[in-house]
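S.K.: Need a 3D model of the following:
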Amino acid sequence: MPIEGIEPTKEDHQATYHGLSVMVPFTGYIRLAKDFIRELYVHEDYYQRPTAFKTVLDIALKDGKVVEVNDRSQEMEEKRGTLKKQ
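M.R.: Okay, here's the model as predicted:
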């Protein structure tokens, strides 16, 4: 389905739009994580905990505009160390 005339590229049941310039008036926080650490996988959870990722960013938005970015990666690394000790 095109958005503003832009067709998505489709691969592996996922659609990706390139070049969109759509403002979404969202106010709140989004946490982004990448670089999953496979040995920390938890099967029973609906989602993986932030400590299971090497890179974790908290993004604050106001009316669709990014107003703050906090890199929480170091904090998650420290929490992983504490969890391993337990």
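
S.K.: Report the buried residues of stretch 21-35.
M.R.: By 16 or more other CB atoms under 10 Å, the buried positions in stretch 21-35 come out as residue 33. In short, each C-beta sits where N, CA and C put it, glycine included.

S.K.: correction: stretch 8-18
M.R.: Per 16+ other CB under 10 Å, stretch 8-18 contains no buried residues.

S.K.: what does that stretch contact?
M.R.: 1, 2, 3, 6 (CB atoms under 8 Å, 6 or more residues apart in numbering).

S.K.: Show the contacting residues for residue 42.
M.R.: Counting by CB under 8 Å, 6+ apart, residue 42 touches 48, 49, 52.

S.K.: What's the separation between it and residue 77?
M.R.: 18 Å (CB to CB, to the nearest Å).

S.K.: ok, and the most crowded of the contacts of residue 42?
M.R.: Comparing the contacts of residue 42 by number of neighbours (other CB atoms under 10 Å), residue 52 comes first, having 20 neighbours.

S.K.: now the residue nearest to it when sequence neighbours are not counted: how far from residue 71?
M.R.: Spatial nearest neighbour of residue 52, chain neighbours left out: residue 40 (3.9 Å); criterion: CB to CB, 6 or more residues apart in numbering. From residue 40 across to residue 71, the span is 19 Å (CB to CB).
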